[in-house]
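Enquirer: Sequence first, predicted model second:
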Amino acid sequence: MTDANRAMKQDPFLDDDDPFLDAADVERLLLGEATREDMNRARAPEQAVDDFGDEDPFLAETEIEPAAAAPAPQQRVVDPVFEDVQDEVASLQVGEALYGEVDNDVSDQPVPRISVGAFCERPETGALIHNAANDRRLAKAHVTVELGGLPAAIERYHDETTPNLLIIESGMRGRGLFDQLEELAGVCDPETKVIIVGAANDISLYRELMKRGVSEYLVPPMTPMHVIRTISELFLDPDQPFAGKTIAFIGAKGGVGSSTIAHNCAWAMTEGMQSDAVLVDLDLSFGTAGLDFNQDPAQTLGDALAEPDRLDDALLDRLLVRCTDRLSLFSAPATLDKEWDFNANSYEMVLEKVRRQAPYVALDLPHMWTPWVKQTLLAADQVVVTVAPDLASLRNAKNLFDLVAGARPNDEPPRVVINMAGMPKRPEIPVKDFAEALGTPPTLVLPFEPQLFGKAANNGQMITELEPKSKAAEGFSHLASLVSGRTPVAPPKRSLIAKLFGG
C-alpha cells in the first residue's frame with residue numbers, strides 16, 4: 001500500500017463507498033455543522049434518481065414525461081361540433097412542458113415561403129405542429145394540419161399536387177408502415193420532402209426510412225422547436241441552399257403582352273396551384289407590375305440593384321410587397337429620372353437571393369437585349385416567349401429559340417404563347433406555320449379580347465379575378481400548371497385543427 005493510500009484510509013473525510021467529495025460538504029464536516037449520516041440522508045433522493053438499475057437510461061429518458069408549469073392557454077374559437085375534442089386539445093396546448101425540454105439551437109433565419117401539410121394521428125401532435133407554425137421562423141410558410149395520419153394523406157393527394165413538405169404521424173411499424181409509404185410515394189411529387197413522426201426510437205427503422213426517401217424521422221418527446229429545427233435544417237442547409245424555380249417571361253417584340261402573361265401566370269401559380277411565388281418586374285423604367293396589382297411601394301428593385309452586397313433576407317423581406325397571402329412582388333421603379341444602368345453581376349446577385357424566398361420566381365423581362373437580359377434568360381429554369389401572330393414575332397422567336405437551344409442543350413425548349421390571336425382585319429401567320437418554324441407547337445393561344453384585358457388592366461386586377469370562367473383564365477391556369485409542374489387544387493377546407501385554433 002502506498003503512502004497516499006494509507007493517508008486516504010486515515011482521513012475521516014474520505015470513504016471508499018463515497019463516489020465523490022463535494023467541497024461544500026467537506027467544509028461543513030470540518031466546521032462540525034453536519035455529520036456523515038446527514039450527508040448520506042441528503043444525497044439519498046439524488047442517488048435514487050441517478051440509479052437506473054438494469055434499465056437503459058436513454059430509454060428511461062424518452063419514457064419519463066417532464067413536468068413543468070403550463071402557460072396560460074391561448075384563446076380559441078368555440079365550435080360546438082368539436083367541443084369535446086376542443087377541450088382535450090386545449091389541455092394539450094401547453095407547449096414545452098408537454099413535449100420535453102426546450103431546444104433553442106435553431107437558426108433565426110426564417111424558413112422560405114413553402115407549403116407544409118401535416119397529417120397527424122393524435123390531436124396533441126396536431127396542436128404541437130400548429131404551435132410551431134405560429135413561430136416567427138415559420139411566418140412565411142403556409143402550414144395546414146389535419147387528423148388522419150398516412151391514410152388521410154394518401155387519399156388527399158391522389159388527385160392533388162403535394163406540398164413542398166409533408167409531416168406524417170404514424171404509430172405503425174414493419175411491413176404495414178412500408179406498404180403505406182410506398183402508396184404515398186406513388187402520389188407524391190418528386191420534389192416533396194417527407195418527415196415521419198413515429199412512436200419507436202428504432203435505429204433500424206430510421207435507416208430503412210432513409211433508404212426509402214424519407215427526409216427525417218422524429219419520435220416523442222418533442223417540442224415545437226424540434227419541429228422548427230427539423231424544417232429549418234431541410235430548407236436552410238448551407239451546403240444545399242434552398243432555391244426556387246425561375247420562370248423567365250420575355251416578348252419576341254415590344255407590345256405583345258409578355259408582362260400581362262407573366263403577371264397572370266404568377267397569379268395562377270399562387271392562387272390555383274396553392275404555391276408561393278415572387279414576381280420580379282425587371283423592366284426598371286417602364287414596368288407595369290405595380291399598376292397591375294395596385295401597388296406603389298416606396299422601395300423597389302432599383303434599391304436592391306444599387307447595393308446588392310447589402311441585400312440580406314431581412315432587407316429583402318421589407319422590399320417585397322405582399323399582393324396576396326402567397327404572391328409577393330418585387331416592383332420596378334418605373335421612373336425615368338435615372339438610367340438604371342447595372343451590370344449583369346448585380347442582377348445575378350439579387351436574383352440569387354430572391355430564389356431563396358419562394359418555390360417559384362417569375363421574371364418579367366423587358367424587350368431589350370443587354371448582357372444581363374441574356375444572362376438572366378439563359379440561367380432561368382424555364383423560358384416563356386410571348387409572340388403576336390406576325391412575321392416579326394416569328395423571326396425574333398426563332399432567333400431566341402436557336403440561342404436558348406444552343407446554350408441549354410439539356411433543357412426543354414422555351415414555351416410559346418401566341419397572344420391577341422384573331423384580331424379583326426389583321427393578316428396573321430397561321431398557328432401551324434409558327435409550330436413548323438419553331439419546331440414545337442404553341443403552349444397557349446389567347447384570343448384577342450380587348451374589353452376583358454383592358455378592364456382588368458384599368459382595375460388593377462388579374463383575368464381570373466375578373467372573369468374566372470373565361471377561356472383566358474383557363475389558359476393561364478393551364479400555362480401555370482405546365483411551367484410549375486403542379487396541378488390546380490381545390491381551395492383547402494378548414495381542418496379540425498384549424499377550427500380548434502381559429503386558423
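Expert: Received, thanks.

Enquirer: Please determine how far Glu121 is located from Ala199.
Expert: 9 Å (C-beta to C-beta, to the nearest Å). All C-beta atoms are positioned from the backbone trio N, CA, C, and that covers glycine.

Enquirer: higher neighbour count, the two?
Expert: Glu121 (20 against 14; other C-beta atoms under 10 Å).

Enquirer: so who does that one touch?
Expert: Neighbour list for Glu121: 147-149, 169-171 [criterion: C-beta atoms under 8 Å, 6 or more residues apart in numbering].

Enquirer: who touches Asp313 in this structure?
Expert: Asp313 neighbours (C-beta under 8 Å, 6+ apart): 109-110, 353, 356-357.

Enquirer: ok, back up a step: overlap in contacts of Glu121 and Ala199?
Expert: With C-beta under 8 Å, 6+ apart, Glu121 and Ala199 have common neighbours Gly171.

Enquirer: tell me the pLDDT at the nearest residue to Asp325 once chain neighbours are set aside?
Expert: The spatially closest residue to Asp325, leaving aside those adjacent along the chain, is His142, at 7.3 Å (C-beta to C-beta, 6 or more residues apart in numbering). As predicted, His142 sits at a pLDDT of 92.

Enquirer: List phi and psi for His142.
Expert: phi -110, psi 110 (degrees, to the nearest 10).

Enquirer: Could you check how many residues crowd around it?
Expert: Residue neighbour count, defined by other C-beta under 10 Å, stands at 19 for His142.

Enquirer: same deal with Gln180?
Expert: Around Gln180 there are 18 residues (other C-beta under 10 Å).

Enquirer: Where does it sit: helix, strand or coil?
Expert: helix (DSSP: H, G, I helix; E, B strand; the rest coil).

Enquirer: That one contacts Ile154, doesn't it?
Expert: Yes - if you go by C-beta atoms under 8 Å, Gln180 and Ile154 touch, sitting 6.9 Å apart.

Enquirer: Tell me the one of the contacts of Asp313 nearest Glu191?
Expert: Arg356 (15.6 Å; C-beta to C-beta).

Enquirer: could you point out which element follows the helix or strand harbouring Ala132?
Expert: In this assignment (DSSP states H and E), Ala132 forms part of helix 123-133. In the C-terminal direction, the helix or strand that comes right after helix 123-133 (DSSP H and E) is strand 142-147.

Enquirer: which residues touch that next one?
Expert: 113-121, 123, 126, 129-130, 132-133, 152, 156, 274, 276, 325-326, 492, 495-498.

Enquirer: Going by neighbour count, which of those residues are buried?
Expert: 113-121, 123, 126, 129-130, 132-133, 152, 156, 274, 276, 326, 495-498 (16 or more other C-beta atoms under 10 Å).

Enquirer: Which ones among those residues lie within strands?
Expert: Mapping those onto strands (DSSP state E) picks out 115-120.

Enquirer: Which of those sits closest to Met368?
Expert: Ser115 (35.0 Å).

Enquirer: The nearest residue to the closest one once chain neighbours are set aside: how many residues sit nearby?
Expert: Excluding the flanking residues, the one nearest Ser115 by C-beta to C-beta, 6+ apart is Pro163, at 3.7 Å. Around Pro163 there are 26 other residues, counting by other C-beta under 10 Å.

Enquirer: With the one 10 residues further on instead?
Expert: For Arg173, the neighbour count with other C-beta under 10 Å is 13.

Enquirer: Also Gln357?
Expert: Neighbours of Gln357 (other C-beta under 10 Å): 23.

Enquirer: who touches the residue nearest to Ser115 in this structure?
Expert: 114-117, 192, 274.

Enquirer: Wait, a strand at it?
Expert: No - assessed with three-state DSSP, Pro163 is coil; it does not lie in a strand.

Enquirer: For Arg175, see how far away it is.
Expert: Taking C-beta to C-beta as the measure, Pro163 falls 27 Å from Arg175.

Enquirer: For the stretch 251-400 of the chain, just list every one of the strands.
Expert: Ranges of strands in the stretch 251-400 of the chain, per DSSP state E, counting those that start in this stretch, are 277-281, 321-322, 327-330, 360-364, 382-387.

Enquirer: can I get those strands in a markdown table with distance to Thr223?
Expert: Shown next, in a markdown table, are these (distance: least, C-beta to C-beta, whole Å):
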| stretch | distance to Thr223 |
| --- | --- |
| strand 277-281 | 31 |
| strand 321-322 | 30 |
| strand 327-330 | 30 |
| strand 360-364 | 32 |
| strand 382-387 | 40 |
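
Enquirer: Okay, domains of this structure per the record?
Expert: Annotated domains of the chain cover 10-51, 80-240, 245-484 [automatic domain parsing].

Enquirer: lowest-confidence stretch among these?
Expert: Looking at the domains of the chain, the weakest mean confidence is domain 10-51, a mean of 48.
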